[in-house]
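1. Output the structure for:
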Amino acid sequence: MASSKTRAIAVFGSVNADVTGFCDRLPKPGETVPGTRYSIALGGKGANQAAAVARLDYPVQMIGCIGNDSFGLMARTSLGSLGVGRDHLVASEKASTGVALINVDAHAENSIVVIAGANAAVDQTVIDHAAAALREAPILLAQLEVPLVASMTAAAKIRGNGGLVILDPAPAPSGGLSSDVLSAVDIVTPNETETEALVGVRPESSADAAAASKLLQSRGATAVVIKLGRRGAYYRGRDAEGFVPPFTVKAINSVGAGDCFNGGLAVALARGADLPKAVRFAAACGALATTGKGGAEAAPTLAAVEALLESQRN
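-> Prediction:
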């Protein structure tokens with residue numbers, strides 16, 4: 001349990017309403033398939049990561065933008081019920097809350113269409129509003145669902161105060177990320193698809209992941225953690241590299257797994273773990289997230305993560 005004096009992790013990023021439809025298989029282009037049910041819940045990579053941190057009993061502040069609408073009210077209420085700080089969640093009068101339209105099949109694979117909405121309005125005004133959180137946070141979690149220039153400004157503030165920046169490069173831009181961006185963060189955490197978009201190498205094995213991580217480091221990244229989904233995770237830092245094998249769980253939904261991985265990585269590092277231990281903790285968080293429904297709602301508790309780590313100790 002974090003003490004009242006623990007400095008809150010800051011999450012700078014997107015807040016969405018997730019409209020999720022569940023079906024036996026994903027439709028092909030031009031095809032309609034029957035679904036089994038649907039849900040409307042809190043989502044967005046930023047909100048999901050903030051929820052993941054909060055569920056691990058660590059204080060967290062969400063920095064972002066929502067609309068002044070019913071989805072925005074739902075998002076604000078949901079974040080509060082999860083224990084996420086909302087002091088720096090700004091309501092826009094000009095844009096609606098972001099929405100993600102998600103399809104999930106019987107094998108927990110998914111396809112997602114995101115409408116940015118108010119997430120695209122995250123700018124210097126939001127950064128100024130969150131000055132205190134950015135000054136005090138030991139770690140910043142960032143993604144690419146809000147304007148990159150704003151994320152990089154927030155990252156510079158965190159690093160200027162001695163903090164650590166973890167960038168989830170999702171959704172990965174088609175042209176990759178510049179060396180200026182990669183060198184402006186401390187850890188970059190792509191999944192397989194994002195790795196391929198960034199360096200042209202799809203990591204089908206740990207050897208592929210090692211080659212891709214070296215390419216990312218040659219382009220400016222300090223440390224790289226590649227999320228390999230059901231095949232585990234590979235990490236490479238200044239002083240450590242290795243592979244974390246997957247945890248055995250019954251997966252039903254992979255929507256929030258990567259976000260819970262990043263939230264777990266931040267919490268483990270904030271609590272003093274080295275990179276190898278932090279990645280294993282993060283992998284357990286990501287694995288457990290696939291056993292729940294939805295994005296933020298699937299974030300596991302600290303007790304559940306510790307139990308999985310103990311039951312599947314290497």
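
2. Packing partners of the helix or strand of the chain with the lowest mean pLDDT?
-> Within the chain, judged by mean pLDDT, DSSP states H and E, the helix or strand with the poorest mean is strand 110-115; its value is a mean of 86. Taking 3 or more Cβ pairs under 8 Å, 6 or more residues apart in numbering; DSSP states H and E as the contact definition, the neighbouring helices and strands of strand 110-115 are strand 98-104. For glycine as for every other residue, the C-beta is placed from the backbone atoms N, C-alpha and C.

3. So which bits of the least confident helix or strand of the chain are buried?
-> Buried residues in strand 110-115, defined by neighbour count with 16 or more other Cβ atoms under 10 Å: 110, 112, 114.

4. Output the helix or strand that it is followed by as PDB, nothing but the C-alphas.
-> Beyond strand 110-115 on the C-terminal side, the first helix or strand identified by DSSP states H and E is helix 124-129. The C-alpha trace of helix 124-129 is given here as PDB (Å, rounded to 0.1, in the frame of the first residue of the first chain):
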ATOM      1  CA  GLN A 124      -0.300  23.800 -23.600                       C
ATOM      2  CA  THR A 125      -3.400  24.900 -21.600                       C
ATOM      3  CA  VAL A 126      -3.800  21.300 -20.300                       C
ATOM      4  CA  ILE A 127       0.000  21.200 -19.500                       C
ATOM      5  CA  ASP A 128      -0.200  24.500 -17.600                       C
ATOM      6  CA  HIS A 129      -3.200  23.200 -15.600                       C
END
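
5. got the contact list for the very next helix or strand once past helix 124-129?
-> Past helix 124-129, further along toward the C-terminus, the next helix or strand under DSSP H and E is helix 131-136. The contact list for helix 131-136 (Cβ atoms under 8 Å, 6 or more residues apart in numbering) reads 7-8, 10, 12, 61, 63, 85, 87-88, 127, 140, 154, 157-158, 161.

6. quick check: mean pLDDT across helix 131-136?
-> Per-residue pLDDT values across helix 131-136 average out to 95.

7. For that helix, what is the distance to the chain centroid?
-> Counting by Cα atoms, centre = their mean, to the nearest Å, helix 131-136 is centred 20 Å from the centre of its parent chain.

8. And it, what's buried?
-> Of all the residues in helix 131-136, those buried under the rule 16+ other Cβ under 10 Å are 133-134.

9. Rounded mean pLDDT for the following helix or strand past it, please.
-> Read in the C-terminal direction, the helix or strand following helix 131-136 is strand 139-142, with elements assigned using DSSP H and E. Within the predicted structure, the mean pLDDT of strand 139-142 is 98.

10. repeat for stretch 171-178
-> For stretch 171-178, mean pLDDT is 90.

11. Contacts for it next, please.
-> The contact list for stretch 171-178 (Cβ under 8 Å, 6+ apart) reads 114, 144-145, 169, 188, 190, 193-194, 197-199, 219.

12. Find the helix or strand that S81 is a member of.
-> When secondary structure is defined using DSSP H and E, the element that contains S81 is helix 70-82.

13. quick one on the thing from earlier: restricted to buried residues, select the contacts of helix 131-136 in ChimeraX.
-> For anyone working in ChimeraX, the buried entries among the contacts of helix 131-136, judged by 16+ other Cβ under 10 Å, can be selected with:
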select :7,8,10,12,61,63,85,88,127,140,154,157,158
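
14. quick one: the strands in the protein?
-> 9-12, 16-23, 35-43, 60-67, 85-92, 98-104, 110-115, 139-142, 164-167, 187-188, 223-227, 233-236, 241-244 (DSSP state E).

15. and among these, the most buried is which?
-> Neighbour counts averaged per stretch over those are highest for strand 9-12, at a mean of 32; criterion: mean count of other Cβ atoms under 10 Å.

16. what sits against the residue positioned nearest the centre of the chain?
-> By Cα atoms, centre = their mean, the mean C-alpha position of the chain lies nearest to D259, the distance being 2.9 Å. If you count contacts by Cβ under 8 Å, 6+ apart, D259 has them with 45, 48-49, 52, 168, 289, 295, 299.
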